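Visitor: Model the following, please.
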Amino acid sequence: MFLKSRENIIRFLFFLVIFLLLFFLGSIFFKSLNTTKIFVPDKLIGKSLPDFTAESFDDKNKYFTKNEIFNEKKYYLLNIWASWCGPCREEHPILIKLSNDHNLELVGLNFKDKKENALKFLNKSGNPYNKILIDNNGSVSISLGAYGVPETFLINEKKIIELKFVGPLKNSDYKKILKKNKL
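Guide: Numbering: from 1, shown residues only. Sure, this is the predicted structure:
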């Protein structure tokens, strides 16, 4: 009888350990289902532009920090673009239109592009940018929470992101930009 009860206790403890282990693993699984690991770029709206350093488009050996790029008390439009990007070509006329307003400075961030292709694109379509930076490996875009190209950020004189546009700018976005910073 002692052997049977000892076997029962061991069997009970074995099933208890298995049950607790499965309960623990199940708890972790269900907790992780309700926890988002995705960076939501809208979280940057209303916050300071993240720090970054980017290479100059004009001078291969020159790098600029965020504070060197956005150094004046004015509104900036930071546009992530590439010559190989179809939607970037679609939004380009709106960027040209925005570049005519002297209260707004346009900063282009050329994303994973070949410089000669980017130059051809700008020579053919016009250059709306006051400054152009290079993001060959995508690290600057990632720090900004960008999903792809084109993406555009309206940054105020305090380096706070006021608006973000995912995808090509449209005429309605043009109006929002003008209204937001009262250009």
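
Visitor: And the average pLDDT for the lengthiest helix in the chain is what?
Guide: Secondary structure of the chain per DSSP state H: the longest helix is helix 2-33. Mean pLDDT, computed over helix 2-33, is 84.

Visitor: Next secondary structure after it?
Guide: strand 53-56 (DSSP states H and E).

Visitor: Paired strands for that following strand, with orientation please.
Guide: Next to strand 53-56 in the sheet, as set by DSSP bridges, lie strand 63-65 (antiparallel), strand 131-135 (antiparallel).

Visitor: what does the domain assignment say about the chain?
Guide: Following automatic domain parsing, one gets these domains for the chain: 1-35, 41-180.

Visitor: and those, which one's lowest on average pLDDT?
Guide: Here these differ in mean pLDDT, and the lowest is domain 1-35 at a mean of 82.

Visitor: Flag every buried residue along that one.
Guide: Neighbour counts over domain 1-35 (16 or more other C-beta atoms under 10 Å) mark no residue as buried. (Each C-beta comes from the backbone N, C-alpha and C, glycine too.)

Visitor: next one: stretch 54-74
Guide: Applying a neighbour-count criterion of 16+ other C-beta under 10 Å, the buried positions in stretch 54-74 are A54, E55, F57, F64, K66, I69, F70.

Visitor: ok, so of those, who is nearest S141?
Guide: A54 (9.9 Å; C-beta to C-beta).

Visitor: what would the strands paired with strand 53-56 look like in JSON lines with distance to K164?
Guide: Below are the strands paired with strand 53-56 laid out as JSON lines (distance: least, C-beta to C-beta, whole Å):
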{"stretch": "strand 63-65", "distance to K164": "21"}
{"stretch": "strand 131-135", "distance to K164": "17"}
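
Visitor: re the thing from before, closest one of the buried residues of stretch 54-74 to S32?
Guide: Relative to S32, the closest of the buried residues of stretch 54-74 is K66; by C-beta to C-beta it sits at 34.1 Å.

Visitor: so what's the closest one up against?
Guide: L49, P50, D51, F52, T53, K159 (C-beta atoms under 8 Å, 6 or more residues apart in numbering).

Visitor: Neighbour-wise, which one of those leads?
Guide: Counting neighbours by other C-beta atoms under 10 Å, L49 leads the contacts of K66 with 21 neighbours.

Visitor: Correct me if wrong: it contacts N156.
Guide: No. Between L49 and N156 there is no contact under C-beta atoms under 8 Å: 9.6 Å.

Visitor: What helices and strands are in contact with whichever strand or helix holds L78?
Guide: Using DSSP H and E, L78 maps to strand 75-81. Strand 75-81 makes packing contacts with helix 86-99, strand 104-111, strand 151-155 when contacts are defined by 3 or more C-beta pairs under 8 Å, 6 or more residues apart in numbering; DSSP states H and E.

Visitor: what pairs with it, and is each one parallel or antiparallel?
Guide: By DSSP bridges, strand 75-81 pairs with strand 104-111 (parallel), strand 151-155 (antiparallel).
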